[in-house]
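Novice: Could you look at this predicted model? Sequence included:
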Protein chains: 2
Amino acid sequence: MASGEHNLPEPAARAPERTLTMQDIALASGVSQSTVSRVLNDSVTTVPIAVETRERVLETAARLGYRPNPLARGLRGARTMLLGIIVREISDPFFAPAVEAVSVRARELSYSVVLGSAHSRADEAIELHAVLETRHCDAIIVLGDMRDEPRLLEDLAASKVPVVALWYGSALAGIDTVNVDNRVGVAAAIDHLTALGHRRFGFIGESPHGDVRERRAAFVERLTALGLAPDAEQIVPAHNDPAGGVEGFRRLMAHGEPPTAVITATDNLAIGALHAAHDLRLAIPAQLSLVGFDDIPLASFAAPPLTTVHNPIAEMASLGVDLAIARPAQASGRPGATQNHVLAPGFVVRATTGPAPHRGE
Amino acid sequence: MASGEHNLPEPAARAPERTLTMQDIALASGVSQSTVSRVLNDSVTTVPIAVETRERVLETAARLGYRPNPLARGLRGARTMLLGIIVREISDPFFAPAVEAVSVRARELSYSVVLGSAHSRADEAIELHAVLETRHCDAIIVLGDMRDEPRLLEDLAASKVPVVALWYGSALAGIDTVNVDNRVGVAAAIDHLTALGHRRFGFIGESPHGDVRERRAAFVERLTALGLAPDAEQIVPAHNDPAGGVEGFRRLMAHGEPPTAVITATDNLAIGALHAAHDLRLAIPAQLSLVGFDDIPLASFAAPPLTTVHNPIAEMASLGVDLAIARPAQASGRPGATQNHVLAPGFVVRATTGPAPHRGE
DNA sequence: CTGAAAGCGCTAACAC
DNA sequence: GTGTTAGCGCTTTCAG
């Protein structure tokens, strides 16, 4: 183990017991601790280092399996390589893949993800933000609409750590956003259905929340443009889960003249609608066509497989992470400097849509 | 400063700009920084503190909105209040709620969750463990079976940070585990089905993975005990996702004498099986009964709603977190000291099971 | 009972 | 080019 150098003391080289510090590898490579720091941090810009020294240090560090202590690093004000996530419900079939996509991209950039679930509870989101900030996360990503928590928005916009909101549902001053183009998505659904001969539409999912609200607006807008402006009774509110879809679907079909085509604000709702249709012995797509939004993984395994608007989860997550991490730490609160990205959705035709049934005409 | 109280200088009380340190609140309450530390940490055991002093400090800290810096705390070797999670796929319909349940309990205990997704990739899990350890997580929770990654197990057992494995599928030396009682669950399913007159069973989900393996073993064991020992062709392998369920179901029904009742190792597979049955125009439960395992949130919204074994996610997650956090940091590797908990599952009868169809007898 | 002081592992001025 | 020297905010001896 004598290596031409350092032979006597031989500190704790072969013992992976205690986590080694820079001091350890400084000793082992016969330089000072600060040199080690410089080498390992590629402080090329500030100070040039002898190639030989650099290589020796790097070699020793690698050989001993040195790993920098993120805590000490963060203490000194350097980046913690932590990315915070705030999401309503991790287990939502849409947001779970979103969280996964975010953490994939984060890890590609050597970031760790600190997960904060707000459970739809107002105060929790705010507390989470405080927690994530206190933990010195380098950036925070907010998944979904949190606008029913006004204070959160203020906190976020004033936050010293960069915040990016994904699927927030609309642009936002002071915070970067990445959204899917809801208008394009809904228009694609409607155009697909009108091409199949449908003329009377229903929409499940009225709510004040971002994406849902935008999709409903797009629904009204597009139909109006086509001269098929919907009545109030053609649009029903719903909680964004399958149970809400069941409830909404029942209400929608209870009207005098039920629609022949239904669009739901999310696939979550579509799953419920499908369920309710099954209960009502309504054949899909023979008697009724149904289109969802999001293209969650389970959409293709619904019975029948769901025709839906594809939400580009991976792309949006990736872009969101890049924005969050790239943004210089202090610029977050500066209005005007914020970016609002809108990505185009896809459209996936599966088995819940078909020609409009013949009517008495 | 006169504390009749403190009126003149008024340092940075109203300015929440810079995050305040203990020094700040020490100054503001006229004591030394170390006293503040003692008060805020309830160092009752070591040193008694004057009630008056303690209250003054606490009041100041509260008033100024002081939050301790977790980084500095962790640097000194204290707990970081970080809980690491290693999971294959966050977006798995079963593990997503599990992650949520873990993070709920973690937050109740003031812990933050660092999420590590292994994406079914072998090396990633190991790397994740290294990351979480380097981040000085106080404990690590492993979700699901990772035994196809032998090195991870060694790493975990040798880890200085306590590790608890949930839904690992069996007991484990050197690591605490919390499992659901798969034998009881499968037995409940079989008993329910035999009571309905079923005699020929199928099982989807042969695989070397923990829970799945145990459930298949329980399937064989229980049926054998009933004198209904299954043939090899009554058990089919499958990847644990809906697509695997589709595939498995088709293969199962392709045999000469198909079963009248099918049990799947997971609800994920059951979703696929349901889908495949729909394709094959097989009426469920009239022609065939189906039972899943896990009771994922979507089970009740399948078409028809899925009869399944209920996996007590919240309880297991809660117990797992408590074990992980309660365990003194150095005891993890000590074999013999480990706990292996097994919780009882429930059974939920919904609409995929019914009387066995009449046969030619 | 409380203050002073020494670090935890690292980065970033400063020196030579 | 590299070593020395301060701290980051906190816990924890050690002195009073």
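Specialist: Thanks, I have the structure now.
Novice: Remind me which helix or strand residue A:148 belongs to.
Specialist: Residue A:148 belongs to no helix or strand when elements are defined using DSSP states H and E.
Novice: List the contacts of it.
Specialist: Listed by CB atoms under 8 Å, 6 or more residues apart in numbering or on different chains, the contact partners of residue A:148 are A:122, A:208-209. (Each C-beta comes from the backbone N, C-alpha and C, glycine too.)
Novice: will you turn those into a markdown table that also has pLDDT, neighbour count and distance to residue A:321?
Specialist: A markdown table is the format used below for the contacts of residue A:148 (pLDDT from 0 to 100; neighbours: other CB atoms under 10 Å in any protein chain shown; distance: CB to CB, whole Å):
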| residue | pLDDT | neighbour count | distance to residue A:321 |
| --- | --- | --- | --- |
| A:122 | 73 | 15 | 26 |
| A:208 | 82 | 11 | 28 |
| A:209 | 83 | 19 | 23 |
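Novice: ok, so of those residues, who is nearest residue A:79?
Specialist: Set against residue A:79, the nearest of those by CB to CB is residue A:122 (30.7 Å).
Novice: where does the residue lying closest to that closest one once chain neighbours are set aside land on pLDDT?
Specialist: Spatial nearest neighbour of residue A:122, excluding adjacent residues (CB to CB, 6 or more residues apart in numbering or on different chains): residue A:149 at 4.9 Å. At residue A:149, the pLDDT value in this model is 78.
Novice: so residue A:149 touches residue A:124, yeah?
Specialist: No - in this structure, residue A:149 is not within contact of residue A:124 by CB atoms under 8 Å, at 9.0 Å.
Novice: so where do the helices sit in chain A?
Specialist: Secondary structure of chain A (DSSP state H): helices at A:22-29, A:33-40, A:51-64, A:70-75, A:95-108, A:122-134, A:150-158, A:182-195, A:210-225, A:242-253, A:267-279, A:313-326.
Novice: List the buried residues for the lowest-mean-pLDDT helix or strand in chain A?
Specialist: Every helix and strand in chain A was compared by mean pLDDT, DSSP states H and E; the lowest is helix A:150-158, with a mean of 82. Using 16 or more other CB atoms under 10 Å in any protein chain shown as the test for burial, helix A:150-158 gives A:152-153, A:155-157.
Novice: repeat for stretch A:350-361
Specialist: By neighbour count with 16+ other CB under 10 Å, stretch A:350-361 contains the buried residues A:350-354, A:356.
Novice: Relative to residue A:20, which of these is nearest.
Specialist: residue A:350 (55.2 Å).
Novice: Could you find the closest non-adjacent residue to the closest one?
Specialist: Excluding the flanking residues, the one nearest residue A:350 by CB to CB, 6+ apart is residue A:305, at 3.8 Å.
Novice: Residue A:271 versus that neighbour, what's the distance?
Specialist: Separation of residue A:305 from residue A:271 (CB to CB, to the nearest Å): 12 Å.
Novice: More neighbours: these two, which one.
Specialist: When residue A:305 and residue A:271 are compared on other CB atoms under 10 Å in any protein chain shown, the one with more neighbours turns out to be residue A:271, at 27 against 18.
Novice: Kindly state the pLDDT recorded for the residue nearest to the more buried one when sequence neighbours are not counted?
Specialist: Distance criterion CB to CB, 6+ apart; nearest residue to residue A:271, sequence neighbours excluded, is residue A:242 at 4.6 Å. At residue A:242, the pLDDT value in this model is 95.
Novice: Then the one 5 residues further on?
Specialist: Per-residue pLDDT puts residue A:247 at 97.
Novice: Please give me every residue in contact with it.
Specialist: Residue A:247 sits next to A:238-239, A:272, A:276 when contact means CB under 8 Å, 6+ apart.
Novice: swap in residue A:212?
Specialist: Counted by CB under 8 Å, 6+ apart, residue A:212 has contacts A:145, A:169, A:205-206, A:240, A:265-266.
Novice: So which of those residues sits lowest on pLDDT?
Specialist: The lowest pLDDT within the contacts of residue A:212 belongs to residue A:206, with 82.
Novice: near chain B, which residues of the stretch 101-250 of chain A?
Specialist: A:103-104, A:107, A:112-117, A:119, A:130-132, A:134-136, A:242-243, A:246 (CB under 8 Å from any CB of the partner chain).
Novice: list the contacts for residue A:168?
Specialist: Listed by CB under 8 Å, 6+ apart, the contact set of residue A:168 reads A:142, A:144-147, A:175, A:177, A:179, A:210.
Novice: switch to 6 Å and redo it
Specialist: Going by CB atoms under 6 Å, 6 or more residues apart in numbering or on different chains, residue A:168 touches A:145, A:177, A:210.
Novice: which one is the first one nearest to, not counting chain neighbours?
Specialist: In space, not counting the residues next to it along the chain, residue A:145 is nearest to residue A:210; the distance is 3.4 Å by CB to CB, 6+ apart.
Novice: That neighbour and chain B: what is the separation?
Specialist: 21 Å (CB to the nearest CB, to the nearest Å).
Novice: if I read this right, that residue contacts residue A:171, doesn't it?
Specialist: No - between residue A:210 and residue A:171 there is no contact under CB atoms under 6 Å: 10.6 Å.
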